[in-house]
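Novice: this is the structure alone, sequence omitted:
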């Protein structure tokens, strides 16, 4: 097994960030995601296959998010902007002028934001299980439910009893073995404190990169498990539809964290390798892998705003203005205005024609 080299750099506010380098080849930088520990996850049954395989072909750079792992646990600020800044601190410390980016889960929003803020630095972007909008922005959870989990997180995170952390583990990998679930429970405990886990979760919930996705100007591959229980499949489709020219590959499975035993794993790995090397799109995968490839999503017209795309998707799903308002946390009058604009911009006479337009553009 390869050995990783762990180094440290300093972020703009003085926070010490730990990062690891392993492998040989073109640089591939992984943006941070929900709680990491560079050393603990290196030998894990959940992450090991990812890092070993990617390091065979690339110089893989990972880092512990501030407040987690070997990075400073006590930090001045925990925010989305500091996360993006920490990514910049790592690549600048290494001296990388050009590199490819890999974003898993929340790392997708961090990666896309870095690209828009730092033009000309990134060659290619791979997103897996990523989302453009956090839990609070996309709806689906009431404020009361969200705060209840926050309270449990702060109170029970560091206990030996994994009951509190199991809430997250079960959603991240419902198909995991007992060993894999136990390991992930331990990873969460050793990675950070309950207070910091709650801060990270609250920050994730407010993520919203929809307005900038049209400015992501690098070749992009988006992969997402169709039955993902943590981040809805629709979030991956939305990313791919709004990033110009992005290729979208749906994967069979329900785990947010793709495990080595899943048939979708060799599919994802083949897609990533082919994409990063610039080879033609991979199609020759084993039937047992159950690849679901919906191809490149047709770009929506440039004059449809990200919010209008959201409304159009929900409209095409048959939701009423009241339903859409509740899901997007906006008023019914605002929804009505968006629908009026959508009908005009798509040259649709009614909602049925708008839904047909959505289907033609991969938004249904």
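Specialist: Cool, the structure landed. Please read all numbers here as calculations on a predicted model, not as lab measurements. Residues are numbered from 1 along each chain as shown.

Novice: pLDDT below threshold where in the chain?
Specialist: 1, 140, 279-302, 362-364 (pLDDT under 70).

Novice: pretty sure residue 38 contacts residue 7?
Specialist: No: taking C-beta atoms under 8 Å as the definition, residue 38 is not a contact partner of residue 7, at 10.2 Å. All C-beta atoms are positioned from the backbone trio N, CA, C, and that covers glycine.

Novice: which one of the two has more residues nearby?
Specialist: residue 38 (20 against 15; other C-beta atoms under 10 Å).

Novice: secondary structure element for the spatially closest residue to the more buried one that is not a sequence neighbour, which one?
Specialist: In space, and not counting its chain neighbours, residue 38 is closest to residue 20: 4.6 Å by C-beta to C-beta, 6 or more residues apart in numbering. Using DSSP states H and E, the element containing residue 20 is strand 16-22.

Novice: remind me what that strand packs against, helices and strands.
Specialist: Judged by 3 or more C-beta pairs under 8 Å, 6 or more residues apart in numbering; DSSP states H and E, the packing partners of strand 16-22 are strand 5-10, helix 38-42, strand 59-63, helix 80-94.

Novice: re earlier: give me the common contacts of residue 38 and residue 7.
Specialist: When contacts are counted by C-beta atoms under 8 Å, 6 or more residues apart in numbering, residue 38 and residue 7 are jointly contacted by 18-20.

Novice: in stretch 8-15, what's buried?
Specialist: Using 16 or more other C-beta atoms under 10 Å as the test for burial, stretch 8-15 gives 9, 11, 15.

Novice: other residues contacting stretch 171-180?
Specialist: Under the criterion C-beta under 8 Å, 6+ apart, residues 34, 45-46, 169, 181, 184, 229-230, 253-257, 259, 262 lie in contact with stretch 171-180.

Novice: and if you look at stretch 196-204?
Specialist: By C-beta under 8 Å, 6+ apart, stretch 196-204 touches 34-35, 65, 67-68, 73, 78-80, 83, 106, 134-135, 149-150, 153-154, 157, 188, 192.

Novice: swap the cut-off to 6 Å and go again
Specialist: The contact list for stretch 196-204 (C-beta atoms under 6 Å, 6 or more residues apart in numbering) reads 67, 78, 80, 106, 134, 150, 153-154, 157.

Novice: residue 196 belongs to a helix, doesn't it?
Specialist: Yes: counting by DSSP: H, G, I helix; E, B strand; the rest coil, residue 196 is found in a helix.

Novice: number of residues surrounding it?
Specialist: Residue 196: 22 surrounding residues under other C-beta under 10 Å.

Novice: show me what counts as buried in whichever strand or helix holds residue 203.
Specialist: Assigning secondary structure by DSSP H and E places residue 203 in helix 194-205. For helix 194-205, a neighbour-count test (16+ other C-beta under 10 Å) marks 194, 196-205 as buried.

Novice: any idea how far residue 56 is from residue 188?
Specialist: Counting by C-beta to C-beta, to the nearest Å, the gap from residue 56 to residue 188 is 28 Å.

Novice: show me which of the two is the more surrounded one.
Specialist: Using other C-beta under 10 Å, the more surrounded residue of residue 56 and residue 188 is residue 188, with 25 against 13.

Novice: residues contacting residue 116?
Specialist: Contacts of residue 116 by C-beta under 6 Å, 6+ apart are 212, 215.

Novice: does it sit in a helix, a strand or a coil?
Specialist: Assigned by three-state DSSP, the conformation of residue 116 is helix.

Novice: so what's the residue count around the nearest residue to residue 37 once chain neighbours are set aside?
Specialist: Closest residue in space to residue 37, ignoring its immediate chain neighbours: residue 69 at 4.0 Å, by C-beta to C-beta, 6+ apart. Using other C-beta under 10 Å, residue 69 has 27 neighbouring residues.

Novice: likewise for the one 4 residues further on?
Specialist: Per other C-beta under 10 Å, the neighbour tally for residue 73 reads 14.

Novice: count the neighbours of the nearest residue to it once chain neighbours are set aside for me.
Specialist: Excluding the flanking residues, the one nearest residue 73 by C-beta to C-beta, 6+ apart is residue 67, at 5.9 Å. Counted by other C-beta under 10 Å, the residues lying close to residue 67 total 22.

Novice: same question, residue 277
Specialist: Residue 277 has 12 neighbours, counted by other C-beta under 10 Å.

Novice: do residue 333 as well
Specialist: By the criterion of other C-beta under 10 Å, residue 333 has 10 neighbours.

Novice: roughly how far does it sit from residue 325?
Specialist: 9 Å.

Novice: cool, and residue 33?
Specialist: Distance from residue 33 to residue 325, by C-beta to C-beta: 31 Å.

Novice: what does whichever helix or strand comes after the strand holding residue 20 contact?
Specialist: Using DSSP H and E, the helix or strand that follows strand 16-22 towards the C-terminus is strand 27-30. Applying C-beta under 6 Å, 6+ apart, the contact partners of strand 27-30 are 58-62, 91, 96, 99-102.

Novice: who wins for neighbours among these?
Specialist: residue 62 (29 neighbours).

Novice: beta-bridge partners for it, please?
Specialist: Residue 62 has these beta-bridge partners by DSSP bridges: residue 20.

Novice: measure it to residue 327 for me?
Specialist: Counting by C-beta to C-beta, the separation of residue 62 from residue 327 is 35 Å.

Novice: identify each buried residue in the strand holding residue 20, please.
Specialist: For strand 16-22, by 16+ other C-beta under 10 Å, it's 17-22.

Novice: before we move on, back to that, what angle do the helix holding residue 203 and helix 80-94 make?
Specialist: Here the directions of helix 194-205 and helix 80-94 differ by 100 degrees (axes from the mean of the first three to the mean of the last three C-alpha atoms, to 10 degrees).
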